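> Provided below are the primary sequence and the corresponding predicted coordinates.
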Amino acid sequence: DQQVKQNSPSLSVQEGRISILNCDYTNSMFDYFLWYKKYPAEGPTFLISISSIKDKNEDGRFTVFLNKSAKHLSLHIVPSQPGDSAVYFCAASDNAGNMLTFGGGTRLMVKP
Amino acid sequence: NAGVTQTPKFQVLKTGQSMTLQCAQDMNHNSMYWYRQDPGMGLRLIYYSASEGTTDKGEVPNGYNVSRLNKREFSLRLESAAPSQTSVYFCAAGRYNEQFFGPGTRLTVL
């Protein structure tokens, strides 16, 4: 059973609008959450992270929100750009820190 | 700096053949990882090595072996390949959000 789930396999957004990518988790031991971005034929690259002691973290156009009671996090991209088109993975870690558990990914397409 | 490199980029095997996927990093990280990526499943951890000389199983270790040859190199071996091992394999180095991934090896087992 997947402990980290991204229920939307794909999302299409117009350039300049907001993209919202969602992620749910089941393991209450997870205390650190990350988003990775992946272009075709490349490895994933780190995008943004959040610790469970926070409910929001911002980095430029990217903001991650964490709702611990709902075991839900989301990534907001504002404004969306065509270069943001990629697959986005959310990942979670417990305090042991050695292993990341990834969601299935959401393919974002930003249309010009 | 090359970061994390993987060889080969592509490989086709027949069922029962063996092969080793190579990974090297030049970032001086202690931890290294092997993942496989399958459609809709995200990345699943096969094995990891928290430091030179140690290895531990991840989520999906069956059918694989690993060797942490030194701090730089971490190889993944398939002793008897099966069609279920058709996947894209990623090596990574680092820890937490500092995991840096290689470009991947696309493996097809016929």
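Arrived safely.
> tally of neighbours for the residue in chain A that chain B sits nearest to?
Closest residue of chain A to chain B, C-beta to the nearest C-beta: A:G43 (3.0 Å). Where C-beta positions appear, they are placed from N, C-alpha and C, glycine not excepted. Counted by other C-beta atoms under 10 Å in any protein chain shown, the residues lying close to A:G43 total 23.
> surely it meets B:G94?
No - counting by C-beta atoms under 8 Å, A:G43 stays clear of B:G94, with 11.9 Å between them.
> mutual contacts of the two, please.
Taking C-beta atoms under 8 Å, 6 or more residues apart in numbering or on different chains as the criterion, A:G43 and B:G94 both touch B:F100.
> okay, now the unreliable bits of chain B?
B:1, B:96-97 (pLDDT under 70).
> who in it is up against chain A?
B:4, B:31, B:35, B:40-45, B:48, B:50, B:56, B:58-59, B:90, B:92, B:95-104 (C-beta under 8 Å from any C-beta of the partner chain).
> in strands, which of those fall?
Judged by DSSP state E, strands contain the following of those: B:4, B:35, B:42-45, B:48, B:56, B:90, B:92, B:100-101.
> mind putting these into a markdown table with neighbour count?
Shown next, in a markdown table, are those (neighbours: other C-beta atoms under 10 Å in any protein chain shown):
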| residue | neighbour count |
| --- | --- |
| B:V4 | 24 |
| B:Y35 | 29 |
| B:G42 | 25 |
| B:L43 | 28 |
| B:R44 | 17 |
| B:L45 | 21 |
| B:Y48 | 24 |
| B:D56 | 13 |
| B:F90 | 26 |
| B:A92 | 26 |
| B:F100 | 17 |
| B:F101 | 23 |
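> in CSV, list these along with distance to A:V78.
Formatted as CSV, those follow (distance: C-beta to C-beta, whole Å):
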residue, distance to A:V78
B:V4, 31
B:Y35, 30
B:G42, 25
B:L43, 27
B:R44, 31
B:L45, 32
B:Y48, 35
B:D56, 40
B:F90, 29
B:A92, 29
B:F100, 27
B:F101, 26
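> about what we covered before: the residue nearest to the residue of chain A closest to chain B when sequence neighbours are not counted bridge partners, please.
Residue nearest to A:G43 in three dimensions, not counting chain neighbours: B:F101, with 3.0 Å by C-beta to C-beta, 6 or more residues apart in numbering or on different chains. When bridges are called by DSSP bridges, B:F101 pairs up with B:A92.
> pull the contacting residues for B:F101.
A:43-45, B:4, B:90-92.
> ditto for A:V4
Counting by C-beta under 8 Å, 6+ apart, A:V4 touches A:23-26, A:30, A:90-92, A:101-103, B:42.
> report the beta-bridge partners for B:L78.
Beta bridges link B:L78 to B:M19, B:Y64 when assigned by DSSP bridges.
> count of neighbours near it?
Other residues close to B:L78 by other C-beta under 10 Å number 20.
> distance of it from chain A?
20 Å (C-beta to the nearest C-beta, to the nearest Å).
> which ones are touching that residue?
Per C-beta under 8 Å, 6+ apart, neighbours of B:L78: B:13, B:18-21, B:63-64, B:85.
> in chain A, which spans are strands?
Taking DSSP E as the criterion, chain A carries its strands at A:4-5, A:10-14, A:19-25, A:30-38, A:45-51, A:56-59, A:62-67, A:72-77, A:86-94, A:101-102, A:106-111.
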